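S.K.: just to be clear, the model below is a prediction. Sequence and coordinates:
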Amino acid sequence: MAKLGKWIGGGLGFTLGGPLGALAGFFLGSFFDEAEIINQKPQTETIGKAQITQGDYMFSLLVLVTAVLKADGKILRSELDYVKEFLIRSFGIEGAKQALVILKDLTHQNIPVADICNQIRKYVDYSSRLQLVHFLFGIANADGLVHPDELSLIRQIATGLGVSEADYKSLEAMFVPKTDWAFDILEIPQSATNEEIKKAYRKMALKYHPDKVSYLGEDVQKAANEKFQKLNEAYQLIVKERSIS
């Protein structure tokens, strides 16, 4: 297999068409030939007629990451370090190096965010789309502050991906905390009863469970655990404040 190693080992499927395919076409030929893509046997998840691969998911993420990095008009070293750390953790040093090469190339391309989101929404399941938005918040918050332009773009992306307003606010609260952030994460008002809080936690625990994205591999599943831990943190804070038994 060519230079992309573990990253491209996930295979490419739906991303070879549409606006994602147009972006991929700028550099794919320099890494491997078409036969190599066709002959791969990637790990996939079948949703309707679509097959979602690890390669599809990670290329989609890199494209959206690039859009967010460019949102405030500058790409900070802290943001790049966060991306690099995530990629190394997920794909190893060599895979991260090649993914960063792709990301660097993407920064010079025009990214049609709305069209990209429509394509991802068509093929990627809801839980995995939630995880994409979570990743984007983490990158935007790498310097300790989510810039208003980044926040605006992430909201636009979330809407384009079909993420509900309640789920968007829940994810936002994990990175842009307010006084009622814990309740926002659980998608309930501060006036909720103890029983409503427990019910909301059980519902959110099912929605955010890392197993929802297990088909994308252990790396993405491990990253999804960060979101799940934040949910537990919010619930435990409310339990402590309310003395819920």
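M.R.: Arrived safely, thanks for sending.
S.K.: could you list the single helix or strand in this structure with the lowest mean pLDDT?
M.R.: Lowest by mean pLDDT, DSSP states H and E among the helices and strands of the chain is helix 34-38, with a mean of 42.
S.K.: all strands for the protein, in order.
M.R.: 44-47, 50-53 (DSSP state E).
S.K.: quickly, which of those strands bottoms out on average pLDDT?
M.R.: For the strands of the chain, mean pLDDT drops lowest on strand 44-47, to a mean of 46.
S.K.: where does this structure dip in pLDDT?
M.R.: Flagging of the chain using pLDDT under 70 yields the residue ranges 1-11, 26-51, 90-92, 95.
S.K.: and with 50 instead?
M.R.: 1-9, 32-50 (pLDDT under 50).
S.K.: for it, which helix is longest?
M.R.: Identified as the longest helix of the chain according to DSSP state H is helix 77-106.
S.K.: what helices or strands is it leaning on?
M.R.: helix 5-8, helix 54-69, helix 126-140, helix 218-242 (3 or more Cβ pairs under 8 Å, 6 or more residues apart in numbering; DSSP states H and E). All C-beta spots, glycine's among them, are computed from the backbone N, C-alpha and C.
S.K.: can you pull up the most central residue in the chain?
M.R.: Using Cα atoms, centre = their mean, the residue of the chain that lies closest to the mean C-alpha position is residue 132, 1.7 Å off.
S.K.: so that residue versus residue 108, what's the distance?
M.R.: 22 Å (Cβ to Cβ, to the nearest Å).
S.K.: next: residue 194.
M.R.: 54 Å.
S.K.: mind listing what's buried along the longest helix of the chain?
M.R.: 79-80, 82-84, 86-88, 90-91, 95-100, 102-103, 106 (16 or more other Cβ atoms under 10 Å).
S.K.: list the contacts for residue 116?
M.R.: Contact partners of residue 116, counting by Cβ atoms under 8 Å, 6 or more residues apart in numbering, are 19-20, 23, 60, 63-64, 67, 160.
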